[in-house]
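Just a sequence and a predicted model for now, questions to come.
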Amino acid sequence: MTDLFQEPEDATPLEPEEREGLLQSWITHRSDLNEAEQENIIKGAAWARGGRGRKPAVLLDVGFALALHKRMFGEVWRWAGTFRRTARNIGIDAYRIPMEVAALFDDVRYWIEHETYSPDEIAVRLHHQLVSIHPFPNGNGRHSRLMADLLIEALGGEPFSWGEGNLADTGELRTRYIAALRAADNHDMGPLLEFARS
């Protein structure tokens, strides 16, 4: 793919006004965009992990989720760290995003407090539900996977491997990941739990 805004078939395309939020003029091909985003994501992950000892209550906060997205994509996209305002073919209506993200974080705090699920399942359910809400114009999968990794680390576990590959690439790995997400949509968390640790 060389077209700058050509997304994989199963990805959500950006709206024209969101495309105008690209900050770096040197980005002219999809490979440039992928490289810039990946470098920014690495910095965002380092920032998030720089607060070692973060408690789940700190991570499970709308302000933290927005700040993390900003740190992950803010050098590339003007709208990084803000909830989407446009309709999508996936996710909930944009006006519901703030309250649904807050409700999800309330649920996750409850699951932790009452040991409703294993730590791995709590973190994977957080990931799945964030992807389902689809709060941002772009980067939802990458943001929600990092949120899950941060949460499992805060709960004393190891970060997930997520198939040990690049999920931005089309191919067998991404196909397995999308299939696992769809199974979770149908209340079967097994494939996504397995994929997270594969």
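Here it is on my side, so go on.

Can you say which helix or strand has Q38 in it?
Here Q38, judged by DSSP states H and E, is contained in helix 30-50.

Show me what that helix packs onto, helices and strands only.
Counting contacts by 3 or more C-beta pairs under 8 Å, 6 or more residues apart in numbering; DSSP states H and E, helix 30-50 is packed against helix 62-73, helix 140-154. In short, each C-beta sits where N, CA and C put it, glycine included.

Alpha carbons of the last one, as CSV, please.
Yep, that's helix 140-154 we're talking about. Listed next in CSV are the C-alpha coordinates belonging to helix 140-154 (Å, rounded to 0.1, in the frame of the first residue of the first chain):
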residue,chain,number,x,y,z
ASN,A,140,-8.1,2.3,18.7
GLY,A,141,-6.6,-1.2,18.5
ARG,A,142,-3.1,0.0,19.4
HIS,A,143,-4.3,2.2,22.2
SER,A,144,-6.5,-0.5,23.7
ARG,A,145,-3.8,-3.1,23.5
LEU,A,146,-1.4,-0.8,25.4
MET,A,147,-4.1,0.0,27.9
ALA,A,148,-4.5,-3.8,28.4
ASP,A,149,-0.8,-4.3,28.8
LEU,A,150,-0.6,-1.5,31.3
LEU,A,151,-3.5,-2.9,33.3
ILE,A,152,-2.1,-6.5,33.4
GLU,A,153,1.3,-5.1,34.5
ALA,A,154,-0.5,-3.1,37.3
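
Just the CA trace of the helix or strand following it, in CSV.
Toward the C-terminus, helix 140-154 is succeeded by helix 172-185 as the next helix or strand (DSSP H and E). Extracted in CSV, the C-alpha atoms of helix 172-185 (Å, rounded to 0.1, in the frame of the first residue of the first chain):
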residue,chain,number,x,y,z
GLU,A,172,-2.7,-14.2,8.6
LEU,A,173,-1.9,-12.6,12.0
ARG,A,174,-4.3,-9.7,11.5
THR,A,175,-6.9,-12.2,10.2
ARG,A,176,-6.6,-14.2,13.4
TYR,A,177,-6.8,-11.1,15.6
ILE,A,178,-9.9,-9.8,13.8
ALA,A,179,-11.5,-13.3,14.1
ALA,A,180,-10.8,-13.3,17.8
LEU,A,181,-12.3,-9.9,18.3
ARG,A,182,-15.4,-11.0,16.4
ALA,A,183,-15.7,-14.1,18.6
ALA,A,184,-15.5,-11.8,21.7
ASP,A,185,-18.3,-9.7,20.1
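
roughly how far is helix 172-185 from the heart of the chain?
14 Å (C-alpha atoms, centre = their mean, to the nearest Å).

That helix: which residues count as buried?
Along helix 172-185, these residues count as buried under the neighbour rule (16 or more other C-beta atoms under 10 Å): 173-174, 176-178, 180-181, 183-184.

Just give me the closest of these to A45.
Closest approach to A45 among those (C-beta to C-beta): Y177, at 18.8 Å.

where does this protein have low pLDDT?
1-4, 6-12, 52-53 (pLDDT under 70).

change it to 80
1-13, 51-53, 168-170 (pLDDT under 80).

Give me the neighbour count for A94.
Neighbourhood size, A94 [other C-beta atoms under 10 Å]: 16.
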